[in-house]
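[1] Structure for the following, please:
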Amino acid sequence: MKRTIYLSIYEKVKQKIINGTYAYGTYIASKRTMAEDYHVSLVSVEHAYDLLSEEGYIEPVERKGYMVIYREKDLFAGPVKRTAAKKSTLLENHEYIAYSTLAKTMRKVMNDHGEEIMLHKDRQGMLEFRRAIAAYLARSRNIYVSADQILITAGAESAYSMIVEMLGRYRIYGIEKPSYEKIEQIYLSEGVHLDHLKMGAAGILTSELERTPASVLHVTPFSSYPTGVTADAGKRQEYITWAKKQNAFIVEDDYASEYSPSTKTEETLFAMEPEQAVFYMNSFTKTIAPAVRISYIVLPGKLKAKLLKEVSFRDCGVSAFDQLVAAELMNNGSFEKHLNKVKRKMRKMK
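    All right, here's what the predicted structure looks like:
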């Protein structure tokens, strides 16, 4: 079965659901009808429907077919049935990149770059590294940005502080309740006011979004810790709609999304709104090794110049050597090879 066939069907049906052709509560075409309409195999359609179901666009109903469950929840009231989420174990992940691979890459970087690894480079992060991240994001996350939109930081804690520096301490920052405790600790240490927003089965409750005075929303759409909740398609759209209506910002903390066992790329908020509202951030601590304290922030396209000016005095804090090693792992395929190995293992355990 060709991957491009089922993904093409997935995209076409998804767009029809989003634009209302397939309305909430109605049933989409049967698998057999869809296969005949698109002249593809039944297996391809089944796989496309599995992905749509997994992401919260449709759900199977016995003897009836597949019902549309996607809707912008801020515009339509009423809950959608969801299975209770399991506690996230991603923060306890120990599937790091092989020591032999890391050691080999380090030796290559030392041989290729020599004394360059001892020099102090661009405050924003080395251009070679930022280009490697941009290429990786395009391949794996459907995020298309230039290297100058990427800001390297020394770990997630440093990234949170950098975001406060860019957006301001006068704002109220909304965070998930419960959430990873360091998010709250770092924001409080920066002197900002927090609003704790209760979580539901698909993400932050609509009622919480409606009442909050926050102008910055910090969310972990993929497997929020410790609840394990993953925001479904409707909730992700609700976050974007909220930000646009409130003229607010979203910090999309996408930690460990690389370990999604899904065969399809997880949709990001940044890919949905790349120009104005969303800051995307991720880290290599859980994917390469705990000692690799490197995170990065992707800035919204229209605001990058203004935002970079706000932190022009800050240094990324990551050595040239560490940046070059991470870039080499991404460029030579070792990074994605490692991720794919872990995801295959997780699919077997599922």
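[2] And the residue nearest the centre of this structure?
    Residue closest to the average C-alpha location in the chain (Cα atoms, centre = their mean): Asp254, at 3.6 Å.
[3] what about that residue, distance to Thr21?
    As judged by Cβ to Cβ, to the nearest Å, Asp254 and Thr21 stand 30 Å apart. For glycine as for every other residue, the C-beta is placed from the backbone atoms N, C-alpha and C.
[4] go on, Ala233?
    Ala233 is 15 Å from Thr21, by Cβ to Cβ.
[5] okay, the two: which has more neighbours?
    Ala233 (22 against 12; other Cβ atoms under 10 Å).
[6] My guess is that one contacts Glu55. True?
    Yes. Applying Cβ atoms under 8 Å, one finds Ala233 in contact with Glu55, separated by 5.3 Å.
[7] who touches both of these two?
    Glu267 (Cβ atoms under 8 Å, 6 or more residues apart in numbering).
[8] circling back: in what helix or strand does the residue lying closest to the residue nearest to the centre of the chain once chain neighbours are set aside lie?
    Computed as Cβ to Cβ, 6 or more residues apart in numbering, the closest residue to Asp254 that is not its neighbour in sequence is Asn282, at 4.8 Å. Element membership for Asn282 (DSSP states H and E) is strand 278-283.
[9] I'd like to know which elements that strand is packed against.
    Strand 278-283 sits against helix 156-167, strand 249-253, helix 269-272, strand 295-298, with contacts defined as 3 or more Cβ pairs under 8 Å, 6 or more residues apart in numbering; DSSP states H and E.
[10] Assign His113 to helix, strand or coil.
    Of the three states, His113 takes helix according to DSSP: H, G, I helix; E, B strand; the rest coil.
[11] what's the closest non-adjacent residue to it?
    In space, and not counting its chain neighbours, His113 is closest to Leu324: 5.9 Å by Cβ to Cβ, 6+ apart.
[12] Quick check: that neighbour touching Ile117?
    Yes. Leu324 is within contact range of Ile117, at 6.4 Å (criterion: Cβ under 8 Å).
[13] what's the average pLDDT for stretch 300-314?
    In this model, stretch 300-314 carries a mean pLDDT of 94.
[14] Got phi/psi on Ile58?
    phi -140, psi 170 (degrees, to the nearest 10).
[15] Kindly report the same for Arg141.
    phi -120, psi 0.
[16] what about it, how many residues close to it?
    Neighbours around Arg141, by other Cβ under 10 Å: 20.
[17] what residues are up against it?
    Applying Cβ under 8 Å, 6+ apart, the residues near Arg141 are Asp254, Ser257, Thr265, Glu266, Thr268, Ala271.
[18] So among these, which ones count as buried?
    Asp254, Ser257, Glu266, Thr268, Ala271 (16 or more other Cβ atoms under 10 Å).
[19] okay, among the residues you listed, which ones form the most distant pair?
    Spatial extent of the buried ones among the contacts of Arg141 (Cβ to Cβ) is set by the pair Ser257 and Ala271 at 12.0 Å.
[20] the more surrounded of Leu324 and Ile117?
    It is Leu324, of Leu324 and Ile117, that has more neighbours when counted by other Cβ under 10 Å, with 24 against 18.
[21] Could you measure from the residue nearest to Thr268 when sequence neighbours are not counted over to Phe270?
    Spatial nearest neighbour of Thr268, excluding adjacent residues (Cβ to Cβ, 6+ apart): Arg141 at 5.7 Å. Plainly put, Arg141 is 8 Å away from Phe270 if you go by Cβ to Cβ.
[22] isn't the residue nearest to the centre of the chain right up against Thr268?
    Yes. If you go by Cβ under 8 Å, Asp254 and Thr268 touch, sitting 6.4 Å apart.
[23] which residues do the two both contact?
    Contacts common to Asp254 and Thr268, judged by Cβ under 8 Å, 6+ apart, are Arg141, Pro221, Tyr280.
[24] quick one, helices of this protein?
    3-18, 31-38, 42-54, 99-113, 127-140, 156-167, 181-189, 206-211, 233-246, 269-272, 304-310, 320-331, 334-349 (DSSP state H).
[25] any idea of the mean pLDDT for the first one?
    When the per-residue pLDDT values of helix 3-18 are averaged, the result is 84.
[26] got the buried residues for that helix?
    Residues of helix 3-18 classed as buried: Ile5, Tyr6, Leu7, Ile9, Tyr10, Val13, Lys14, Lys16, Ile17, Ile18 (neighbour count, 16+ other Cβ under 10 Å).
[27] again, but for stretch 164-176
    Val164, Met166, Leu167, Arg171, Tyr173, Gly174, Ile175, Glu176.
[28] which two in those residues are spaced the farthest apart?
    Across the buried residues of stretch 164-176 (Cβ to Cβ), the longest gap, 20.8 Å, separates Met166 and Glu176.
[29] Bridged to Glu176, which residues?
    Leu197 (DSSP bridges).
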